[in-house]
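> Using only what follows, build the 3D model:
(one chain, ligands or ions: 1)
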Amino acid sequence: MAKIKNLGVLTSGGDAPGMNAAIRAVTRAAIFNNIEVFGIRRGYEGMIDGDIEKLESKDVSGIIQKGGTMLKTARSARFRTPEGRKQAYENLEKFGIDALVVIGGDGSFTGASILSQEYNIPIIGIPGTIDNDLYGTDYTIGYDTCLNTVIEAVDKIRDTASSHNRIFFIEVMGRDAGFVALESGIATGAEVIMIPEVKNQMVELREFLSQRAKSNKSSIIICAEGDDEGNAYEIAKKVESEFPQFDIRVTILGHIQRGGSPSSYDRVSASRMGVAAVEALLDDQKSIMVGLSNGQIVHVPLNKTVKMHKGVPKSLLDVAHILAI
Ligand code: F6P
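Residues are numbered from 1 along each chain as shown. I've put the predicted structure just below:
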């Protein structure tokens, strides 16, 4: 394959803390290897609009500690159409961009995989989403910071919950996946954790509340936003009429979970994956995601990571179950 001269980098989908660290790593690793770098703003939207600018090493200085993404991000309906992708590719040609690094989640990688096949352009994905729901990697950039944000908030809610002997339903992000709920639930000692991966959890919740009714103690119930039983308000409503003795409150943590300065783990992992993405391109890789498995960098075909489903580890479910007695 011809040597890559100009690399485009973009962030796409929901932002995640650590995306800036990844942009910095990709930019500097590319420049280190004599490849010019172009930042594409607003994800695929910016690619279609030609919102593209050259990045120098100094342009990515002072961003490693910042949340959000300096390149901005977007979800692009236009990129889902062949016309949108054609326009996007024409802009890449205009800037001489002959390879791409896409930092994002499964929607972003679906687009990347299609573009790579349609136009035979090498694309490397870096997993960046607070949901941690990408197949082939143990970890996605932003997940660790998100967990720390959730833990801090839930600990505070625990103080007020126990002072008033209240039952709190706390909704955390995770449209399709329960990783944030499960791990934050374990870390905060939540009494019940409700996630989309586990079915019929109302039974477990009712059993728990019946027991709790005897002791009148406070409780924290963490609900993933994508839970089958509904959102936290709906779940709380279902139990309210059955357990009128409880003083129930609901907190939706919302987008606070997407912001903030990235944790050290997110910064270091984003830096490792950014460098690995450029090295993968130099190794002639065409359409893969770089990920982390057992602490090591791995390569996973992009089309596999979008097709396959990442389940929550049974071992974590067991830990949550054992510790909830
Ligand atoms: O994909 C990440 C995520 O944080 C989901 O957990 C959440 O449902 C979604 O993004 C919300 O994103 P937005 O408000 O940007 O549409």
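
> Quick one: the strands in the protein, in order.
For the chain, applying DSSP state E gives strands covering 6-11, 36-40, 52-55, 99-104, 123-127, 167-172, 192-194, 219-224, 248-252, 287-293, 296-301.

> Go through the ones you listed and pick out the most buried.
Among the strands of the chain, strand 123-127 has the highest mean neighbour count (mean count of other C-beta atoms under 10 Å), at a mean of 31. Just so you know, the C-beta spots here come from the backbone N, C-alpha and C atoms, and that holds for glycine as well.

> Distance from that one to the middle of the chain?
13 Å (C-alpha atoms, centre = their mean, to the nearest Å).

> still on that earlier bit, can you add mean pLDDT and distance to the ligand and give the strands of the chain back as a markdown table?
Output for the strands of the chain, formatted as a markdown table (pLDDT from 0 to 100; distance: least, C-beta to the nearest ligand atom, whole Å):
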| stretch | mean pLDDT | distance to the ligand |
| --- | --- | --- |
| strand 6-11 | 98 | 13 |
| strand 36-40 | 98 | 19 |
| strand 52-55 | 98 | 23 |
| strand 99-104 | 98 | 9 |
| strand 123-127 | 98 | 12 |
| strand 167-172 | 98 | 9 |
| strand 192-194 | 96 | 15 |
| strand 219-224 | 97 | 9 |
| strand 248-252 | 98 | 12 |
| strand 287-293 | 98 | 16 |
| strand 296-301 | 98 | 19 |
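
> The residue lying closest to Val290 once chain neighbours are set aside - how many residues pack around it?
Nearest non-adjacent residue to Val290, counting by C-beta to C-beta, 6 or more residues apart in numbering: Ala276, 4.4 Å away. Ala276: 23 surrounding residues under other C-beta atoms under 10 Å.

> Any figure for the gap between Ala276 and the ligand?
23 Å (C-beta to the nearest ligand atom, to the nearest Å).

> where's Asn216 relative to Gln245, distance?
In this view, Asn216 and Gln245 are 8 Å apart by C-beta to C-beta, to the nearest Å.
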